[in-house]
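>>> sequence plus the predicted model coming up.
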Amino acid sequence: MSERGLFGLTGSFASSDALTEAALHLRSLGFREVEAYTPYPVEGLDEALRPCRPNRLPLPIFLGAVFGAAMGYFIQYWDEALDYPLNVGGRPHNSWPAFMVGSFELMVLFAIAAGFFGLLAFCRLPRLYHPIFSAVEFERASVDRFVLCVEAHDPSFELQSIRRIFERHGAESVTEVSA
Amino acid sequence: MNLIDLPGDAPVIEPGVTLRSLSEEVSDRVLRPQAPRWWWIGFGISLALFLTLVVATAWLFVNGIGVWGVDIPVAWGFAIAEYVWWIALASGGTIVSALFYLTRSPWRSATNRIAETMMLSAAASAGIMPIMHLGRQGFFYWLFPYPNVMDVWPQVRSPLWWDFICLLCYILMSIMFYYTGLLPDLATVRDQAQHRRKQMFYGILALGWRGSARHWRNYQSVYFIMCAIMAPMVISVHSVVGLDFAGGLTTGWHSTQFPPYFFFGAVISGLALVIMLTIVVRHGYGFQGIITAYHLNAMGKIMLTGSLMLGYSYVWEAWGPIYANSIADRTAFLDTIFGTYAPTYWARVTLNIIIPQLLWLPIVRRSEILLFLISAGIIVGMWLERFDIVIPNLARDWMPSYWGVYYPTLWDWATLAGSIGLFLSLFFLMMRFLPMVSISEVREIIAKGETK
């Protein structure tokens, strides 16, 4: 059951433990579209909200590293062995030990770049506006409050029961956030 | 002041600091409409020094590098020594930030932003030096390996090209690493801002960071991997700078110890500059509760470790030429320690090795004035070391007929002063407009202390 013009219902908690307990409770009742906003990373919170979801971010970083190393080596190989072969002191044109520094640097550069842009992509950023910004508690979610939000498109969304669950876990305030 | 070392369970952050006061204080320094007077004085001096760089660079571009003291045989002068000096200072910032994140050292959380800001500012000063040193600066882009109609490529077997690629990648990676760590704090500043324009400015910079569970999870895994990459990366950068020298057949340079020798120098000089800037930020911004005796004590110990590692390299620097059967190497070394440049050698030994031994005493690590003075001595000593590596060895090459003496000119000194100006100007600007303490990481320390 979803409500019109409503983004969700937020509850604000004073401690990360209360937030995690409320999140686990909601999860056990079958709520799936729940998100938490905290001032610092709370251990185990994402696992509580979305269990069994593997962390896929290391994969693009690894692929970036492989691509960077391959490209770094290829540029040097192309340069020294194919396009402009120059005999320097009788060394082989494809003198791989000398190419290692360039390959390493491009490997780590592309790994970091994949991590940076992968982070933005996985977080769906940049996104300058989000409905949660209009929640009154959100301003303190970057200071000292822990905010839990059940989004309205959750199939089992129902204002009164969620409000009761929030209050049972000691929510300081519960508010409706418009979409 | 007590004579005993800080106990192991001493508070990293003063007990009075709460999550709320932390966010408000750090954001307030960024958001306050008027910068404090000491900031204007510091920034004014920095900007004046930076203008010196503009003038010196313009004069250099018009007249060529003959305005400097470089000549044959000493063709590498201040610019190269200062390049090594600056890149070491930048590397030191990365070491503090990345290496000590991996070891989970609690003192790193309140000082890493200062170290990273220093890293970016110092990398800018380092980056301009090799370009200025080129005889024809306009052609520096020939270092890029790109297909061109001249059908000419850079010689990628050369350590000098490795160094170019290292520096380029290092600066790009540092910016991404810095920005990743900054994202959650920019969001805090956005949420603390009261004025519409500041909210929009920091809102755009924060890219819409929300601090959701999903965000934090992705952030943590990326940040950890970034640190794990940046730590070996920075070792490679400064080792390759060492290879620039080790790859040359000059007396005193052609040595396998150069890569670690240079890296040890980066540890000690980087820590020294972080300590100086930390003391400035701590008092200037009134962060005494967030940056405490614990931080300075820990950094003093690391600096002492760096000094001992560097001392080990100094022993090998002396032992190699004495033990090896090479008259030229021995002559060059004896000339370094007793000849024209003897004062710089003994000054650097005193400033980098002997005086820092005072850091064994807890009372010295507790005194900010002594820490500041020792650190300043190390910065000067490290500059002398870079001078001593580059210049006396070139002045005493293999053949006596090839010997000469190097005299810096006014423009050499102006370039040195100007590069300091560039560094300080950038640092002061970032100090004014970006949070100088990693708010989100210090929060974790406070939260752990509360649950303990």
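Thanks, I have the structure now. Residues are numbered from 1 along each chain as shown, chains lettered A, B, ... in the order given.

>>> who does whichever helix or strand residue A:46 is part of touch, helix- and strand-wise?
Under the criterion of DSSP states H and E, residue A:46 resides in helix A:45-49. For helix A:45-49, the packing partners by 3 or more Cβ pairs under 8 Å, 6 or more residues apart in numbering or on different chains; DSSP states H and E come out as helix A:16-28, strand A:34-37, helix B:213-246. Where you see a C-beta, it was placed from the backbone N, CA and C, and this is true even at glycine.

>>> I'd guess residue A:7 is in a strand, am I close?
Yes. Counting by DSSP: H, G, I helix; E, B strand; the rest coil, residue A:7 is located in a strand.

>>> OK, contacts around it?
Neighbouring residues of residue A:7 by Cβ atoms under 8 Å, 6 or more residues apart in numbering or on different chains: A:131-132, A:149, A:151-152, A:177-179.

>>> mind doing that once more with 7 Å?
A:131, A:151-152, A:177-179 (Cβ atoms under 7 Å, 6 or more residues apart in numbering or on different chains).

>>> pull out the buried members of those.
Buried subset of the contacts of residue A:7 (neighbour count, 16 or more other Cβ atoms under 10 Å in any protein chain shown): A:131, A:151-152, A:177.

>>> which ones among the contacts of residue A:7 map onto strands?
Cross-referencing these against strands under DSSP state E gives A:151, A:177-178.

>>> distance from the helix holding residue A:46 to the middle of the chain?
13 Å (Cα atoms, centre = their mean, to the nearest Å).

>>> just want the angle from the helix or strand that that helix is followed by to helix B:213-246.
Proceeding N to C from helix A:45-49, the next assigned helix or strand is helix A:58-77, under DSSP H and E. If you take axes from the mean of the first three to the mean of the last three Cα atoms, to 10 degrees, helix A:58-77 sits at 30 degrees to helix B:213-246.

>>> report all helices and strands that helix A:58-77 contacts.
helix A:96-122, helix B:213-246 (3 or more Cβ pairs under 7 Å, 6 or more residues apart in numbering or on different chains; DSSP states H and E).

>>> pLDDT weak spots in chain A?
Within chain A, the ranges that satisfy pLDDT under 70 run A:1-4.

>>> which residue is nearest the middle of it?
For chain A, the residue nearest the mean C-alpha position is residue A:123 (4.2 Å; Cα atoms, centre = their mean).

>>> residue B:218 is in contact with that one, correct?
Yes. Residue A:123 lies in contact with residue B:218 (Cβ atoms under 7 Å); the separation is 5.5 Å.

>>> now do the buried residues in stretch A:153-163.
A:154, A:157, A:162-163.

>>> okay, how far is it across it, tip to tip?
16 Å (Cα to Cα, to the nearest Å).

>>> and what of stretch B:319-330?
Terminal-residue distance, stretch B:319-330 (Cα to Cα): 10 Å.

>>> tell me which residues of it come out buried.
For stretch B:319-330, by 16+ other Cβ under 10 Å, it's B:320-321, B:328-330.

>>> so which helix or strand takes in residue A:126?
Applying DSSP H and E, one finds residue A:126 in no helix or strand.

>>> okay, the buried residues of stretch A:153-163 in TSV with secondary structure next?
Converted to TSV, those look like this (three-state DSSP):
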residue	secondary structure
A:154	coil
A:157	coil
A:162	helix
A:163	helix
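
>>> now the two most distant members of the residues you listed.
A:154 and A:163 (14.2 Å; Cβ to Cβ).

>>> so chain A: which segments form each domain?
As assigned by automatic domain parsing, chain A contains the domains A:6-52+A:131-178, A:58-122.

>>> turn these into CSV, including distance to residue B:358.
As requested, these are exported to CSV (distance: least, Cβ to Cβ, whole Å):
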stretch, distance to residue B:358
domain A:6-52+A:131-178, 38
domain A:58-122, 38
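
>>> which residue ranges of the stretch 101-250 of chain B form strands?
Ranges of strands within the stretch 101-250 of chain B: none, based on DSSP state E, counting those that start in this stretch.

>>> that one: helices as residue ranges?
In the stretch 101-250 of chain B, helices defined by DSSP state H, counting those that start in this stretch lie at B:108-133, B:159-192, B:196-206, B:213-246, listed in chain order.

>>> out of those helices, which is the most enclosed?
Counting by mean count of other Cβ atoms under 10 Å in any protein chain shown, helix B:108-133 has the highest mean neighbour count of the helices of the stretch 101-250 of chain B, with a mean of 24.

>>> that helix near chain A anywhere?
No. Helix B:108-133 stays clear of chain A (Cβ under 7 Å from any Cβ of the partner chain), getting no nearer than 10.7 Å.
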